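Novice: generate coordinates for the sequence data below:
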Amino acid sequence: MQNHCVLTGQVVAIEPVRITPAGVPRQRIWLEHRSRQQQAGQPRAVEARIALILVGQQRIEAAARIREGSQVQASGFIARSGHRGEAQDRLELHIEQLDHLD
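Specialist: Take a look at the predicted model:
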């Protein structure tokens, strides 16, 4: 099974680092993606907002210089936000690599 996603976009919000019940640091960064894609031979404007999830001190420290307004390329795997209520229908991108583009 494959689960890998790469998106570029602008950071629109950075939430504070939280500590999970297991003692692992976790941070959510909101990314807004805008592009033009081809669909059924026609151009289509695409807009999406997705949460980028950074887990572990090393990933959080590596992203420390990213600020709201930064252009980034994010890659990782997609997972649902939670297992109850509306969270089970929302997706988030768990970061394996986050590169500053500007």
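
Novice: mind telling me what element the residue lying closest to L31 once chain neighbours are set aside is part of?
Specialist: Excluding the flanking residues, the one nearest L31 by Cβ to Cβ, 6 or more residues apart in numbering is G9, at 4.6 Å. Bear in mind the C-beta positions are built from the backbone N, C-alpha and C, glycine included. Counting by DSSP states H and E, the element that carries G9 is strand 5-14.

Novice: where along the chain do the helices fall?
Specialist: Secondary structure of the chain (DSSP state H): helices located at 57-62.

Novice: hey, where'd the strands end up in it?
Specialist: Using DSSP state E, the strands of the chain run over 5-14, 18-19, 25-39, 42-55, 71-80, 91-100.

Novice: next, format these as a markdown table and append mean pLDDT.
Specialist: Shown next, in a markdown table, are the strands of the chain (pLDDT from 0 to 100):
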| stretch | mean pLDDT |
| --- | --- |
| strand 5-14 | 98 |
| strand 18-19 | 97 |
| strand 25-39 | 97 |
| strand 42-55 | 97 |
| strand 71-80 | 97 |
| strand 91-100 | 96 |
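
Novice: the ones you listed: which one's closest to R65?
Specialist: Ranking the strands of the chain by proximity to R65 (Cβ to Cβ) places strand 91-100 first, at 6.5 Å.

Novice: which strands border that closest one, and is each parallel or antiparallel?
Specialist: Using DSSP bridges, the strands paired with strand 91-100 are strand 42-55 (parallel), strand 71-80 (antiparallel).

Novice: what are the buried residues along it?
Specialist: Going by neighbour count (16 or more other Cβ atoms under 10 Å), the buried part of strand 91-100 is E92, L93, H94, I95, L98.

Novice: now tabulate the residues you listed in a markdown table and tack on distance to G85.
Specialist: A markdown table is the format used below for these (distance: Cβ to Cβ, whole Å):
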| residue | distance to G85 |
| --- | --- |
| E92 | 15 |
| L93 | 20 |
| H94 | 20 |
| I95 | 24 |
| L98 | 28 |
